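Visitor: Pasting a predicted model and its sequence here:
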Amino acid sequence: MYKKIEELAWKYNDRVVEWRRHIHSRPELSTQERQTAALVAEVLTGLGVEVRKDVGGHGVVGLVKGEKPGPVVGLRADMDALPMQEDTGLPFASANPGVMHACGHDTHTAMLLGAACVLSEMRSGMEGSVKLIFQPAEELNPTGGAPGMIRDGVLENPRVDALFALHVWPGFETGKIITRAGALMGASDRIFLTASGKTSHGSAPHQGIDAVMIAAQIVGGLQTIVSRVVAPLDSAVISIGTIKGGYRYNVIADRVEMEGTVRTLAPATQDRLPGLIERTAQGIARALGGDCEVKYVRGYPPTMNDPDLFRRVSETVADSLGAEHFVALDNPDLGGEDFSFFARERPSLMAWIGCRPAGKDPAEMAVLHNTRFCPDEACFPWGVRFLTSCALDFLKKKA
Ligand code: NI
(Lines give C-alpha, C1' and ligand atoms only; values in the text may rest on other atoms or scores of the structure.)
Protein backbone atom coordinates (compact mmCIF):
# COMPACT_ATOMS: atom_id res chain seq x y z
CA MET A 1 0.00 0.00 0.00
CA TYR A 2 2.76 2.48 0.91
CA LYS A 3 4.52 1.80 -2.40
CA LYS A 4 1.33 2.59 -4.27
CA ILE A 5 0.85 5.79 -2.25
CA GLU A 6 4.41 6.85 -3.01
CA GLU A 7 3.95 6.26 -6.75
CA LEU A 8 0.71 8.20 -6.81
CA ALA A 9 2.14 11.06 -4.72
CA TRP A 10 4.83 11.52 -7.37
CA LYS A 11 2.34 11.12 -10.19
CA TYR A 12 0.38 14.13 -8.89
CA ASN A 13 3.29 16.20 -7.58
CA ASP A 14 3.45 18.58 -10.56
CA ARG A 15 -0.19 19.41 -10.06
CA VAL A 16 0.30 19.96 -6.33
CA VAL A 17 3.10 22.43 -7.10
CA GLU A 18 0.94 24.12 -9.71
CA TRP A 19 -2.02 24.46 -7.31
CA ARG A 20 0.21 25.75 -4.57
CA ARG A 21 1.73 28.43 -6.82
CA HIS A 22 -1.66 29.43 -8.11
CA ILE A 23 -3.07 29.79 -4.59
CA HIS A 24 0.10 31.54 -3.42
CA SER A 25 -0.19 34.17 -6.13
CA ARG A 26 -3.83 34.89 -5.24
CA PRO A 27 -3.90 34.91 -1.44
CA GLU A 28 -7.16 35.71 0.33
CA LEU A 29 -7.65 36.97 3.87
CA SER A 30 -9.60 35.09 6.55
CA THR A 31 -13.34 34.82 5.71
CA GLN A 32 -12.66 35.98 2.12
CA GLU A 33 -11.35 32.68 0.70
CA ARG A 34 -13.81 32.67 -2.24
CA GLN A 35 -11.44 31.89 -5.12
CA THR A 36 -9.38 29.40 -3.15
CA ALA A 37 -12.55 27.56 -2.10
CA ALA A 38 -13.80 27.61 -5.70
CA LEU A 39 -10.54 26.06 -6.92
CA VAL A 40 -10.69 23.37 -4.23
CA ALA A 41 -14.31 22.52 -5.05
CA GLU A 42 -13.51 22.35 -8.76
CA VAL A 43 -10.58 19.98 -8.27
CA LEU A 44 -12.56 17.71 -5.93
CA THR A 45 -15.54 17.63 -8.27
CA GLY A 46 -13.20 16.71 -11.12
CA LEU A 47 -12.00 13.74 -9.07
CA GLY A 48 -15.56 12.52 -8.65
CA VAL A 49 -15.50 13.31 -4.94
CA GLU A 50 -18.75 14.27 -3.23
CA VAL A 51 -18.42 18.00 -2.38
CA ARG A 52 -20.15 20.27 0.14
CA LYS A 53 -19.50 24.00 -0.18
CA ASP A 54 -19.96 27.01 2.13
CA VAL A 55 -19.48 25.01 5.30
CA GLY A 56 -18.79 27.52 8.10
CA GLY A 57 -18.12 30.36 5.65
CA HIS A 58 -16.00 29.42 2.64
CA GLY A 59 -15.21 25.95 3.95
CA VAL A 60 -15.24 23.07 1.46
CA VAL A 61 -15.71 19.43 2.44
CA GLY A 62 -15.03 16.47 0.18
CA LEU A 63 -15.95 12.89 0.97
CA VAL A 64 -13.90 10.08 -0.57
CA LYS A 65 -16.02 6.99 -0.07
CA GLY A 66 -14.42 3.57 0.06
CA GLU A 67 -15.95 0.55 -1.62
CA LYS A 68 -17.05 -0.85 1.72
CA PRO A 69 -18.46 0.80 4.82
CA GLY A 70 -16.18 1.50 7.77
CA PRO A 71 -14.86 4.31 9.93
CA VAL A 72 -14.49 7.90 8.80
CA VAL A 73 -11.24 9.81 9.10
CA GLY A 74 -10.88 13.55 8.57
CA LEU A 75 -7.93 15.34 6.99
CA ARG A 76 -7.88 19.10 7.48
CA ALA A 77 -6.07 21.93 5.68
CA ASP A 78 -6.48 25.68 6.19
CA MET A 79 -6.82 28.09 3.26
CA ASP A 80 -6.43 31.71 4.44
CA ALA A 81 -3.56 34.19 4.10
CA LEU A 82 -2.25 37.09 6.21
CA PRO A 83 -2.40 40.90 5.85
CA MET A 84 1.29 41.30 4.99
CA GLN A 85 3.23 42.59 2.01
CA GLU A 86 5.19 39.73 0.44
CA ASP A 87 8.90 40.24 -0.02
CA THR A 88 10.09 36.90 -1.41
CA GLY A 89 10.76 37.95 -4.99
CA LEU A 90 9.28 34.63 -6.16
CA PRO A 91 8.00 34.51 -9.75
CA PHE A 92 4.62 33.42 -8.32
CA ALA A 93 4.60 35.97 -5.48
CA SER A 94 1.33 37.46 -4.28
CA ALA A 95 -0.50 39.56 -6.85
CA ASN A 96 -2.73 40.96 -4.10
CA PRO A 97 -1.01 43.94 -2.46
CA GLY A 98 -0.80 43.61 1.31
CA VAL A 99 -1.92 39.99 1.39
CA MET A 100 0.44 37.04 1.61
CA HIS A 101 0.51 33.32 2.30
CA ALA A 102 3.13 33.74 5.04
CA CYS A 103 1.95 30.80 7.13
CA GLY A 104 2.05 28.17 4.39
CA HIS A 105 -1.70 27.58 4.22
CA ASP A 106 -1.32 27.57 0.42
CA THR A 107 0.93 24.52 0.77
CA HIS A 108 -1.48 22.81 3.18
CA THR A 109 -4.36 23.24 0.74
CA ALA A 110 -2.28 22.00 -2.19
CA MET A 111 -1.01 18.95 -0.27
CA LEU A 112 -4.53 18.00 0.79
CA LEU A 113 -5.66 18.28 -2.83
CA GLY A 114 -2.75 15.95 -3.67
CA ALA A 115 -3.96 13.52 -1.00
CA ALA A 116 -7.45 13.74 -2.52
CA CYS A 117 -6.02 12.65 -5.88
CA VAL A 118 -4.15 9.72 -4.35
CA LEU A 119 -7.10 8.60 -2.21
CA SER A 120 -9.56 8.79 -5.07
CA GLU A 121 -7.38 6.29 -6.96
CA MET A 122 -7.24 3.98 -3.96
CA ARG A 123 -10.97 3.71 -3.28
CA SER A 124 -11.21 0.08 -4.33
CA GLY A 125 -10.77 -2.07 -1.28
CA MET A 126 -10.97 0.94 1.03
CA GLU A 127 -13.19 0.23 4.03
CA GLY A 128 -14.63 3.49 5.28
CA SER A 129 -14.34 7.08 4.09
CA VAL A 130 -11.98 10.01 4.19
CA LYS A 131 -13.42 13.45 4.79
CA LEU A 132 -11.30 16.23 3.28
CA ILE A 133 -11.80 19.41 5.27
CA PHE A 134 -10.67 22.68 3.68
CA GLN A 135 -11.06 25.26 6.39
CA PRO A 136 -11.31 29.07 6.15
CA ALA A 137 -10.23 31.71 8.68
CA GLU A 138 -7.55 29.87 10.67
CA GLU A 139 -5.85 33.20 11.29
CA LEU A 140 -9.00 34.83 12.66
CA ASN A 141 -8.13 34.58 16.34
CA PRO A 142 -10.05 34.50 18.67
CA THR A 143 -12.95 33.24 16.53
CA GLY A 144 -11.15 30.97 14.08
CA GLY A 145 -12.74 29.10 11.20
CA ALA A 146 -12.98 25.63 12.76
CA PRO A 147 -15.88 26.39 15.14
CA GLY A 148 -18.06 27.58 12.26
CA MET A 149 -17.42 24.38 10.31
CA ILE A 150 -18.17 22.30 13.40
CA ARG A 151 -21.45 24.20 13.90
CA ASP A 152 -22.29 23.52 10.25
CA GLY A 153 -21.93 19.80 10.89
CA VAL A 154 -18.55 19.00 9.33
CA LEU A 155 -17.93 16.28 11.92
CA GLU A 156 -21.29 14.57 11.28
CA ASN A 157 -23.02 12.81 8.35
CA PRO A 158 -21.02 10.70 8.26
CA ARG A 159 -19.58 11.05 11.75
CA VAL A 160 -15.81 11.64 11.77
CA ASP A 161 -13.96 9.30 14.15
CA ALA A 162 -10.55 10.98 14.15
CA LEU A 163 -8.69 13.82 12.40
CA PHE A 164 -5.20 14.58 11.13
CA ALA A 165 -3.62 17.85 9.98
CA LEU A 166 -0.25 19.09 8.80
CA HIS A 167 1.54 22.43 9.17
CA VAL A 168 4.77 23.35 7.36
CA TRP A 169 7.57 24.12 9.80
CA PRO A 170 10.70 25.92 8.55
CA GLY A 171 12.82 24.97 11.59
CA PHE A 172 13.08 21.37 10.39
CA GLU A 173 14.61 19.78 7.32
CA THR A 174 12.38 19.01 4.35
CA GLY A 175 10.43 15.77 4.71
CA LYS A 176 10.71 15.37 8.48
CA ILE A 177 7.44 14.75 10.30
CA ILE A 178 7.47 16.38 13.73
CA THR A 179 4.90 15.86 16.43
CA ARG A 180 4.33 14.88 20.05
CA ALA A 181 1.72 13.34 22.32
CA GLY A 182 -0.33 15.79 24.36
CA ALA A 183 0.00 19.54 23.85
CA LEU A 184 1.64 20.43 20.52
CA MET A 185 0.70 24.11 20.48
CA GLY A 186 -0.47 26.55 23.09
CA ALA A 187 -3.67 28.34 23.93
CA SER A 188 -3.82 31.76 22.32
CA ASP A 189 -5.90 34.47 24.03
CA ARG A 190 -6.14 38.25 23.57
CA ILE A 191 -6.13 41.06 26.07
CA PHE A 192 -7.31 44.66 25.78
CA LEU A 193 -6.27 47.09 28.51
CA THR A 194 -7.30 50.72 28.89
CA ALA A 195 -5.38 52.71 31.49
CA SER A 196 -7.14 55.87 32.59
CA GLY A 197 -5.94 58.98 34.43
CA LYS A 198 -6.48 62.73 34.21
CA THR A 199 -5.00 65.33 31.87
CA SER A 200 -2.90 68.24 33.04
CA HIS A 201 -0.01 70.38 31.77
CA GLY A 202 3.16 68.43 31.17
CA SER A 203 4.99 70.81 33.50
CA ALA A 204 2.55 70.09 36.34
CA PRO A 205 2.10 66.29 36.56
CA HIS A 206 0.89 66.58 40.17
CA GLN A 207 -2.32 68.17 38.86
CA GLY A 208 -3.11 65.17 36.67
CA ILE A 209 -2.89 61.38 36.75
CA ASP A 210 -0.43 60.10 34.18
CA ALA A 211 -1.91 57.25 32.14
CA VAL A 212 1.38 56.81 30.24
CA MET A 213 3.17 56.13 33.54
CA ILE A 214 0.40 53.71 34.56
CA ALA A 215 0.70 51.88 31.22
CA ALA A 216 4.48 51.70 31.45
CA GLN A 217 4.31 50.10 34.88
CA ILE A 218 1.58 47.70 33.76
CA VAL A 219 3.70 46.51 30.82
CA GLY A 220 6.50 45.68 33.23
CA GLY A 221 4.22 44.44 35.99
CA LEU A 222 2.47 41.90 33.79
CA GLN A 223 5.81 40.14 33.27
CA THR A 224 5.95 39.39 36.98
CA ILE A 225 2.93 37.13 36.47
CA VAL A 226 5.04 35.02 34.13
CA SER A 227 8.18 35.11 36.27
CA ARG A 228 6.70 35.08 39.80
CA VAL A 229 3.22 33.57 39.73
CA VAL A 230 3.22 30.88 37.02
CA ALA A 231 5.32 27.91 38.14
CA PRO A 232 8.85 27.85 36.65
CA LEU A 233 8.29 24.58 34.78
CA ASP A 234 4.85 25.58 33.54
CA SER A 235 4.61 27.99 30.59
CA ALA A 236 3.00 31.32 29.91
CA VAL A 237 3.74 34.27 27.66
CA ILE A 238 2.19 37.71 27.98
CA SER A 239 3.16 40.09 25.18
CA ILE A 240 1.82 43.60 24.78
CA GLY A 241 1.88 44.25 21.05
CA THR A 242 0.39 47.72 20.74
CA ILE A 243 0.27 50.76 22.97
CA LYS A 244 -1.55 53.93 21.98
CA GLY A 245 -2.26 57.07 23.93
CA GLY A 246 -1.59 60.72 24.58
CA TYR A 247 -2.29 63.98 22.78
CA ARG A 248 0.81 66.13 22.71
CA TYR A 249 4.39 66.24 24.01
CA ASN A 250 3.47 68.58 26.87
CA VAL A 251 0.12 67.11 27.95
CA ILE A 252 -0.25 64.44 30.64
CA ALA A 253 -2.30 61.69 28.99
CA ASP A 254 -5.56 60.53 30.52
CA ARG A 255 -5.98 57.41 28.44
CA VAL A 256 -3.69 54.70 27.05
CA GLU A 257 -4.91 51.62 25.22
CA MET A 258 -2.89 48.45 25.01
CA GLU A 259 -3.47 45.15 23.24
CA GLY A 260 -1.63 41.92 23.72
CA THR A 261 -1.57 38.17 23.46
CA VAL A 262 -1.49 35.54 26.19
CA ARG A 263 -0.15 32.04 25.54
CA THR A 264 -0.42 29.09 27.89
CA LEU A 265 -0.22 25.29 27.73
CA ALA A 266 -1.98 24.02 30.84
CA PRO A 267 -5.75 24.57 30.84
CA ALA A 268 -5.57 25.40 34.59
CA THR A 269 -3.02 28.15 33.92
CA GLN A 270 -5.15 29.52 31.08
CA ASP A 271 -8.06 29.68 33.55
CA ARG A 272 -6.02 31.64 36.11
CA LEU A 273 -4.59 34.29 33.80
CA PRO A 274 -7.61 36.57 33.33
CA GLY A 275 -7.88 37.12 37.09
CA LEU A 276 -4.14 37.56 37.53
CA ILE A 277 -3.89 40.10 34.73
CA GLU A 278 -6.84 42.10 36.02
CA ARG A 279 -5.52 42.10 39.58
CA THR A 280 -2.04 43.22 38.49
CA ALA A 281 -3.16 45.89 36.01
CA GLN A 282 -5.81 47.37 38.29
CA GLY A 283 -3.57 47.19 41.35
CA ILE A 284 -0.82 49.15 39.59
CA ALA A 285 -3.25 51.68 38.14
CA ARG A 286 -4.96 52.30 41.47
CA ALA A 287 -1.68 52.65 43.29
CA LEU A 288 -0.96 55.53 40.92
CA GLY A 289 -4.38 57.10 41.39
CA GLY A 290 -5.89 55.92 38.13
CA ASP A 291 -7.64 52.82 36.89
CA CYS A 292 -7.35 50.16 34.24
CA GLU A 293 -10.11 48.34 32.43
CA VAL A 294 -9.18 44.81 31.35
CA LYS A 295 -10.95 42.79 28.69
CA TYR A 296 -9.77 39.19 28.31
CA VAL A 297 -10.91 37.30 25.22
CA ARG A 298 -10.33 33.57 25.17
CA GLY A 299 -9.10 32.39 21.79
CA TYR A 300 -7.84 29.04 20.58
CA PRO A 301 -7.49 26.26 23.14
CA PRO A 302 -4.22 24.30 23.33
CA THR A 303 -3.79 21.83 20.45
CA MET A 304 -3.88 18.45 22.15
CA ASN A 305 -2.63 15.41 20.26
CA ASP A 306 -4.25 12.12 21.18
CA PRO A 307 -1.59 9.80 22.73
CA ASP A 308 -2.96 6.71 21.00
CA LEU A 309 -2.94 8.39 17.58
CA PHE A 310 0.59 9.61 18.30
CA ARG A 311 1.73 6.01 18.83
CA ARG A 312 -0.03 4.85 15.69
CA VAL A 313 1.32 7.72 13.58
CA SER A 314 4.88 7.07 14.72
CA GLU A 315 4.47 3.53 13.35
CA THR A 316 2.82 4.75 10.16
CA VAL A 317 5.66 7.19 9.46
CA ALA A 318 8.30 4.54 10.17
CA ASP A 319 6.58 2.08 7.83
CA SER A 320 5.68 4.51 5.06
CA LEU A 321 8.31 7.28 4.98
CA GLY A 322 11.05 5.63 7.04
CA ALA A 323 11.83 5.91 10.76
CA GLU A 324 14.42 8.64 10.09
CA HIS A 325 11.60 10.94 9.01
CA PHE A 326 9.88 10.88 12.39
CA VAL A 327 10.82 13.44 15.03
CA ALA A 328 9.20 13.13 18.47
CA LEU A 329 9.25 16.66 19.81
CA ASP A 330 10.28 17.28 23.43
CA ASN A 331 8.55 20.60 23.95
CA PRO A 332 5.43 22.17 22.48
CA ASP A 333 5.30 25.51 20.70
CA LEU A 334 3.28 28.42 22.06
CA GLY A 335 1.88 29.44 18.69
CA GLY A 336 -1.90 29.13 18.48
CA GLU A 337 -3.68 26.85 16.01
CA ASP A 338 -7.41 26.52 15.58
CA PHE A 339 -7.19 22.83 14.65
CA SER A 340 -7.45 22.66 18.45
CA PHE A 341 -11.23 23.09 18.16
CA PHE A 342 -11.44 19.87 16.13
CA ALA A 343 -9.08 18.16 18.57
CA ARG A 344 -11.47 19.02 21.38
CA GLU A 345 -14.29 17.18 19.61
CA ARG A 346 -12.54 14.03 18.35
CA PRO A 347 -9.21 12.22 18.84
CA SER A 348 -6.86 14.20 16.62
CA LEU A 349 -3.26 14.64 15.69
CA MET A 350 -1.46 17.56 14.15
CA ALA A 351 2.07 17.14 12.84
CA TRP A 352 4.51 19.64 11.43
CA ILE A 353 6.33 18.92 8.21
CA GLY A 354 9.86 20.20 7.80
CA CYS A 355 10.31 22.57 4.84
CA ARG A 356 13.90 23.77 5.16
CA PRO A 357 16.02 22.57 2.22
CA ALA A 358 18.75 20.14 3.24
CA GLY A 359 21.99 22.00 3.86
CA LYS A 360 20.37 25.42 4.27
CA ASP A 361 21.48 27.31 7.37
CA PRO A 362 18.49 27.44 9.75
CA ALA A 363 19.40 31.06 10.55
CA GLU A 364 18.81 31.97 6.89
CA MET A 365 15.40 30.32 6.72
CA ALA A 366 12.60 32.88 7.10
CA VAL A 367 10.20 31.98 9.90
CA LEU A 368 6.41 31.66 9.74
CA HIS A 369 4.61 35.02 9.45
CA ASN A 370 7.73 36.60 7.95
CA THR A 371 7.40 38.58 4.69
CA ARG A 372 10.09 36.32 3.14
CA PHE A 373 8.66 32.99 4.27
CA CYS A 374 9.34 30.48 1.53
CA PRO A 375 8.83 26.77 2.29
CA ASP A 376 10.65 24.14 0.23
CA GLU A 377 8.25 22.63 -2.30
CA ALA A 378 10.19 19.38 -2.10
CA CYS A 379 8.26 18.66 1.12
CA PHE A 380 5.01 18.18 -0.81
CA PRO A 381 5.38 14.49 -1.77
CA TRP A 382 6.28 13.71 1.84
CA GLY A 383 3.25 15.61 3.08
CA VAL A 384 0.88 13.96 0.61
CA ARG A 385 2.27 10.53 1.55
CA PHE A 386 1.93 11.33 5.25
CA LEU A 387 -1.70 12.45 5.03
CA THR A 388 -2.72 9.55 2.81
CA SER A 389 -0.87 6.93 4.88
CA CYS A 390 -2.34 8.23 8.16
CA ALA A 391 -5.85 8.13 6.73
CA LEU A 392 -5.60 4.67 5.19
CA ASP A 393 -3.81 3.19 8.21
CA PHE A 394 -6.49 4.58 10.47
CA LEU A 395 -9.25 2.99 8.38
CA LYS A 396 -7.47 -0.36 8.35
CA LYS A 397 -6.67 -0.63 12.03
CA LYS A 398 -9.99 0.72 13.22
CA ALA A 399 -12.03 -1.61 11.02
NI1 NI B 1 -0.66 28.58 10.11
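Guide: That came through fine.
Visitor: where along the stretch 251-399 of the chain do the strands fall?
Guide: Residue ranges of the strands in the stretch 251-399 of the chain, as given by DSSP state E, counting those that start in this stretch, are 251-252, 255-264, 291-300, 303-305, 326-328, 348-356.
Visitor: The closest residue to residue 294 other than its chain neighbours: neighbour count?
Guide: With CB to CB, 6 or more residues apart in numbering as the criterion, residue 294 has its nearest non-adjacent residue at 4.4 Å, and that residue is residue 278. C-beta here means a position set from N, CA and C on the backbone, and glycine is covered the same way. Applying the criterion other CB atoms under 10 Å, we find 17 residues in the vicinity of residue 278.
Visitor: shouldn't residue 278 be in contact with residue 293?
Guide: No: because the distance of 9.2 Å does not satisfy CB atoms under 8 Å, residue 278 is recorded as not touching residue 293.
Visitor: how's the chain carved up into domains?
Guide: 2-186+302-398, 187-300 (automatic domain parsing).
Visitor: where along the stretch 51-200 of the chain do the strands fall?
Guide: With DSSP E, counting those that start in this stretch, the ranges of strands along the stretch 51-200 of the chain come out as 59-65, 68-78, 127-135, 162-173, 177-179, 182-185, 187-196, 200-201.
Visitor: I'd like to know how far the residue nearest to the spatial centre of the chain sits from residue 88.
Guide: With distances taken as CA atoms, centre = their mean, the residue of the chain nearest its centroid is residue 337 (3.2 Å). Using CB to CB, to the nearest Å, one obtains 23 Å as the distance from residue 337 to residue 88.
Visitor: Same question for residue 149.
Guide: 30 Å.
Visitor: now residue 177
Guide: With distances taken as CB to CB, residue 177 is found 25 Å from residue 88.
Visitor: The two: who's more crowded?
Guide: Set side by side, residue 177 and residue 88 show unequal neighbour counts under other CB under 10 Å, the larger going to residue 177 at 27 against 18.
Visitor: The more buried one touches residue 321, doesn't it?
Guide: Yes: with contacts defined as CB under 8 Å, residue 177 counts as touching residue 321 at a distance of 6.7 Å.
Visitor: what's the overlap in contacts for the two?
Guide: With contacts defined as CB atoms under 8 Å, 6 or more residues apart in numbering, the residues shared by residue 177 and residue 321 are 382, 386.
Visitor: Need the per-residue pLDDT for residue 142.
Guide: Among the per-residue scores, residue 142 holds a pLDDT of 88.
Visitor: quick one, what contacts it?
Guide: Listed by CB under 8 Å, 6+ apart, the contact partners of residue 142 are 188, 189, 190, 297, 298, 299, 300.
Visitor: Show me how to select, in PyMOL, the buried members of those.
Guide: Entered in PyMOL, the line below selects the buried ones among those, by 16 or more other CB atoms under 10 Å:
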select buried, resi 188+189+190+299+300
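Visitor: mind putting the contacts of residue 142 in JSON lines, pLDDT and distance to residue 32 included?
Guide: Compiled in JSON lines, the contacts of residue 142 are given as follows (pLDDT from 0 to 100; distance: CB to CB, whole Å):
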{"residue": "188", "pLDDT": "93", "distance to residue 32": "21"}
{"residue": "189", "pLDDT": "95", "distance to residue 32": "24"}
{"residue": "190", "pLDDT": "95", "distance to residue 32": "21"}
{"residue": "297", "pLDDT": "96", "distance to residue 32": "22"}
{"residue": "298", "pLDDT": "95", "distance to residue 32": "25"}
{"residue": "299", "pLDDT": "94", "distance to residue 32": "20"}
{"residue": "300", "pLDDT": "94", "distance to residue 32": "20"}
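Visitor: Relative to residue 367, which of the contacts of residue 142 is nearest.
Guide: Within the contacts of residue 142, the smallest distance to residue 367 is 16.8 Å, found for residue 188 (CB to CB).
Visitor: do you know how far that closest one is from residue 164?
Guide: 21 Å.
Visitor: now residue 145
Guide: When distance is defined by CB to CB, residue 145 is 17 Å away from residue 164.
Visitor: before we move on, back to that, what's the closest of the strands of the stretch 251-399 of the chain to residue 84?
Guide: Proximity of the strands of the stretch 251-399 of the chain to residue 84 was assessed by CB to CB; the nearest stretch is strand 255-264, lying at 17.0 Å.
Visitor: Kind regards, and thank you for your time.
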